Structures are given as C-alpha cells and as structure tokens.
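Participant: Everything below, folded, please.
(one chain, ligands or ions: 1)
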Amino acid sequence: MAAQPLTPSQIAALPADLPQWTLREGKLHRELRFADFSAAFGFMARVALAAESLGHHPEWCNVWNRVTINLTTHDTGGLSDLDVELARRIDACV
Ligand SMILES: C[C@H](O)[C@H](O)[C@H]1CNC2=NC(N)=NC(=O)C2=N1
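Facilitator: Alright, predicted model coming up:
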C-alpha cells in the first residue's frame, strides 16, 4: 500500500485524533513505561508483528522498561496515513 502524505490540516488534527501521541520534530512521538524489561519487550514483539503486517515500521528505542517511539514515513519524507494507522495499532498493543 503506497503511503499517502498527510495534508497540513490533517496534521493539525492529529493531537485530537491520537491523544497518546505528540508531534515532535515533525514525527508522531510516544513514550511508554512498563513494569519491567519483559513487559516492555513483550509490547515491542506485538508491535513488531503489527508493523510487519502493515509494511510500515517504527523508529524506536528501548531502555529496560521504557520504549520511545517516533513515527514518520521515509518513502515520502514526512507524515503519512501509514503513520496514523501504525499509531492506532501500537495503541492496541499496550
Ligand atoms: C519496501 C518497503 O515496504 C518500504 O521501504 C517501507 C518499509 N517500512 C517503512 N517504514 C517507515 N516508517 N517508512 C517507510 O517509508 C517504510 N517503507
């Protein structure tokens, strides 16, 4: 599925649409904290499968029980509909 770039008005509506996410440096950003490393890595495993099935992948970092995620579309050089869909699927993995 080809990524469709978001329009400026679609980007402006994102905070209301995805309340767990913020816009940081033009990317969708979320930080999560879990009970321990196993819980964090279990979450990452679920996200990895969701991302692979969507064909769209997060930029992310894990430090013990913390996972930091940034979503952007490399193919278009900005935010696209696939970032929004991946954010929704990530929210469902928590
Ligand atoms: C060929 C492959 O589907 C593409 O390179 C996909 C893979 N995953 C991707 N993930 C993200 N975040 N951005 C992309 O542009 C992207 N492109």
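Participant: pretty sure Val67 contacts Phe43?
Facilitator: Yes - assessed by C-beta atoms under 8 Å, Val67 is found in contact with Phe43 at 6.4 Å. Any C-beta I mention is one placed from the backbone N, CA and C, and that applies to glycine too.
Participant: what about those two, which has more around it?
Facilitator: Neighbour count, other C-beta atoms under 10 Å: between Val67 and Phe43, Val67 has more, with 23 against 17.
Participant: what about the lengthiest helix in the chain, distance to the chain center?
Facilitator: In the chain, with assignment by DSSP state H, the single longest helix is helix 37-54. Chain-centre distance of helix 37-54: 11 Å, with C-alpha atoms, centre = their mean, to the nearest Å.
Participant: check whether that helix contacts the ligand.
Facilitator: No - remark: helix 37-54 sits outside contact range of the ligand, by C-beta under 6 Å from any ligand atom, the gap being at least 7.7 Å.
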